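S.K.: Sequence unavailable; structure follows:
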């Protein structure tokens, strides 16, 4: 009897929890109310079956409890019962499948007037592409992807005016249908925006798509709903739904493939002149100066330097009230007037001779740190060499005091919280695996054991550029 009572309490309690729970679907912000209807039908069908089966179980426990004066009867076949079970199961399965199939057919049948956006997923980042004035996407293929061509654009006239968005921030116009074309650079991803009731797998080597119409102005989070690697949970972006005129103005400011391809590469000679100001703190050869809290720059990749200078210049880094040294850096970054100036000075820094740094901290355990670093290695490389594809900068060769400070800044949200710093947002999430100060010291101690470059100065030309 106690078991029957427990089954009834669990069944009734589950039903009450469902109706009284404050947790339900996020507010709908698209045209897909039919998806909500399908979910509701599924809940009613499965809920009815759940309740019926459990109440029947409780009845059977009571009705057929042990009685030494009664023997069980073996009944191998019961056609009437089988017909009832088959019929009810068929109705239940039809009730689950039919609405979903109808909605799915509509979900993958975009209207003719829908404009298009390509969503590109990679570990662990979102980027986007709009067709240009010709309304057509240019050809693209993953085998053409490199540092200068992150979308894998092919030499196709139709792609010259394609608009490329490298940040995980997409703007869409309200009340206008949009077809989302999905492509993955590396592994299986799944783009999901809960408020739009929209999600779809992104399979490497294939293109998938769906469509929706944003109906509510606002900002919505994009997440990856497929386990895609160690930083899967930090693969986030945002969609901002705005009025049509705001969208048009935003889109007109974004670069085309042709414009990006025509950008001049960094000029180290021009960058040398601009670096004169930086040298006061970071040293003439970018060796850094711990007394001035200026980290080593030599040995850092130009793409990472460009990104950080742009973040300082825009205020996405160095504006937190507790980031004292970042605040000191911001005014110097604003002295770089445009993107070309940033590219030039980064190109010059990349030519500086990279020399090993000395360890200044004590107390960390490299062996414990090695175990913790396994997570970091997925983005930054087994030897801390940095991985461009995952946007993970080089760590080996950086001063330990600087590494410790930045990890603490990430842990406490001093760095990376700004909405325009998506990679900083990811690092905040990843830095939480370092649960205390000792863990930080341990992983920094291990990084200092990684191979550092030792430059033969005789192989460096008089201009300071490595051969």
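M.R.: Looks like it arrived, so ask away. Just so we're clear, the structure is a prediction, and the values are computed from it rather than from any experiment.
S.K.: going forward, measure contacts and count neighbours with C-alpha atoms only.
M.R.: Will do.
S.K.: For the chain, just list every one of the helices.
M.R.: With DSSP state H, the ranges of helices along the chain come out as 2-20, 33-63, 79-107, 244-252, 257-261, 268-282, 302-314, 324-333, 339-350, 366-380, 400-411, 422-431, 437-447.
S.K.: what about residue 251, distance to residue 165?
M.R.: Using C-alpha to C-alpha, to the nearest Å, residue 251 is found at 10 Å from residue 165.
S.K.: Residue 346 too?
M.R.: 22 Å.
S.K.: For stretch 239-250, give the mean pLDDT please.
M.R.: Across stretch 239-250, the average pLDDT comes to 94.
S.K.: Show me what it is in contact with.
M.R.: Outside stretch 239-250, the residues within contact range by C-alpha atoms under 8 Å, 6 or more residues apart in numbering are 169-174, 214, 216-222.
S.K.: Taking the centroid of the protein, which residue is nearest it?
M.R.: residue 235 (1.7 Å; C-alpha atoms, centre = their mean).
S.K.: Now do the contacts for the residue lying closest to that residue once chain neighbours are set aside.
M.R.: Nearest residue to residue 235 in three dimensions, chain neighbours excluded: residue 124, at 4.9 Å (C-alpha to C-alpha, 6 or more residues apart in numbering). Contacts here follow C-alpha under 8 Å, 6+ apart; on that basis residue 124 touches 231, 232, 234, 235, 390.
S.K.: what separates residue 124 from residue 113, distance-wise?
M.R.: From residue 124 to residue 113 the distance is 32 Å (C-alpha to C-alpha).
S.K.: care to break the protein down by domain?
M.R.: Per the record, the chain has its domains at 2-59+82-107, 115-261, 268-459, by automatic domain parsing.
S.K.: Pipe the ones you listed into JSON lines and attach distance to residue 67 per row.
M.R.: Formatted as JSON lines, those follow (distance: least, C-alpha to C-alpha, whole Å):
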{"stretch": "domain 2-59+82-107", "distance to residue 67": "16"}
{"stretch": "domain 115-261", "distance to residue 67": "52"}
{"stretch": "domain 268-459", "distance to residue 67": "58"}
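S.K.: can I assume residue 386 is in contact with residue 376?
M.R.: No - using C-alpha atoms under 8 Å, residue 386 makes no contact with residue 376, being 10.2 Å away.
S.K.: who touches the spatially closest residue to residue 395 that is not a sequence neighbour in this structure?
M.R.: Once flanking residues are discounted, residue 395 sits nearest to residue 384: 4.9 Å by C-alpha to C-alpha, 6+ apart. Counting by C-alpha under 8 Å, 6+ apart, residue 384 touches 377, 394, 395, 396, 447, 450.
S.K.: how far away is the residue lying farthest from the centre of the chain from residue 1?
M.R.: Here the chain reaches farthest from its C-alpha mean at residue 69, the gap being 66.5 Å by C-alpha atoms, centre = their mean. In this view, residue 69 and residue 1 are 19 Å apart by C-alpha to C-alpha.
S.K.: next one: residue 259
M.R.: Distance of residue 259 to residue 1, computed by C-alpha to C-alpha: 77 Å.
S.K.: higher neighbour count, these two?
M.R.: Taking other C-alpha atoms under 10 Å, residue 259 and residue 1 do not tie; residue 259 has more neighbours (14 against 11).
S.K.: ok so, going back, take the helices of the chain and write them to TSV, including distance to residue 181.
M.R.: Listed next are the helices of the chain as TSV, based on distance: least, C-alpha to C-alpha, whole Å:
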stretch	distance to residue 181
helix 2-20	36
helix 33-63	20
helix 79-107	13
helix 244-252	18
helix 257-261	18
helix 268-282	39
helix 302-314	28
helix 324-333	37
helix 339-350	30
helix 366-380	27
helix 400-411	34
helix 422-431	22
helix 437-447	40
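S.K.: Nearest to residue 188 among the ones you listed would be which one?
M.R.: Proximity to residue 188 (C-alpha to C-alpha) singles out helix 366-380 among the helices of the chain, at 16.6 Å.
S.K.: Report the mean confidence score over the closest one.
M.R.: Helix 366-380 comes out at a mean pLDDT of 91.
S.K.: residues making contact with that helix?
M.R.: The contact list for helix 366-380 (C-alpha under 8 Å, 6+ apart) reads 230, 382-384, 386-387, 390-395, 434, 439, 441-447, 449.
S.K.: rerun at 6 Å
M.R.: Residues outside helix 366-380 that contact it (C-alpha atoms under 6 Å, 6 or more residues apart in numbering): 386, 387, 390, 392, 442, 443, 445, 446.
S.K.: so it versus helix 437-447, what angle?
M.R.: Computed by axes from the mean of the first three to the mean of the last three C-alpha atoms, to 10 degrees, the angle separating helix 366-380 from helix 437-447 equals 80 degrees.
S.K.: Identify each buried residue in helix 366-380, please.
M.R.: 366, 368, 369, 370, 372, 373, 375, 376, 377, 378, 379, 380 (16 or more other C-alpha atoms under 10 Å).
S.K.: Could you do stretch 108-125 as well?
M.R.: 110, 115, 116, 117, 118, 119, 120, 121, 122, 123, 124, 125.
S.K.: For the residue nearest to the third one when sequence neighbours are not counted, give me its contacts.
M.R.: This means residue 116. Excluding its sequence neighbours, the residue lying closest to residue 116 (C-alpha to C-alpha, 6+ apart) is residue 179, at 4.7 Å. Applying C-alpha under 6 Å, 6+ apart to residue 179 gives the contacts 114, 116, 210, 211.
S.K.: Kindly report the same for residue 253.
M.R.: So residue 253 contacts nothing (C-alpha under 6 Å, 6+ apart).
S.K.: Ramachandran coordinates for it?
M.R.: The phi/psi pair for residue 253 (degrees, to the nearest 10) reads phi -90, psi -10.
S.K.: end-to-end on stretch 53-73?
M.R.: 22 Å.
S.K.: Kindly report the same for stretch 61-77.
M.R.: For stretch 61-77, the end-to-end distance is 22 Å (C-alpha to C-alpha).
S.K.: before we move on, what about stretch 107-118?
M.R.: 17 Å.
S.K.: follow-up on the earlier one: how near is the residue nearest to the centre of the chain to residue 411?
M.R.: Residue 235 is 18 Å from residue 411, by C-alpha to C-alpha.
S.K.: Could you report the pLDDT at residue 458?
M.R.: Reported pLDDT for residue 458: 38.
S.K.: For stretch 426-442, give the mean pLDDT please.
M.R.: For stretch 426-442, mean pLDDT rounds to 90.
S.K.: Below-threshold pLDDT in the chain: ranges please.
M.R.: 453-467 (pLDDT under 70).
S.K.: what about residue 128, neighbour count?
M.R.: Counted with other C-alpha under 10 Å, residue 128 comes out at 22.
S.K.: and it, what does it touch?
M.R.: Shown in contact with residue 128 (C-alpha under 6 Å, 6+ apart): 118, 119, 120, 165.
S.K.: Same question for residue 181.
M.R.: Applying C-alpha under 6 Å, 6+ apart, the residues contacting residue 181 are 118, 119, 208, 209.
S.K.: One more: residue 347?
M.R.: Residue 347 sits next to 266, 268, 302 when contact means C-alpha under 6 Å, 6+ apart.
S.K.: Same question for residue 117.
M.R.: 129, 130, 180.
S.K.: for those, which one is nearest residue 20?
M.R.: Nearest member of the contacts of residue 117 to residue 20, counting by C-alpha to C-alpha, is residue 180, at 36.0 Å.
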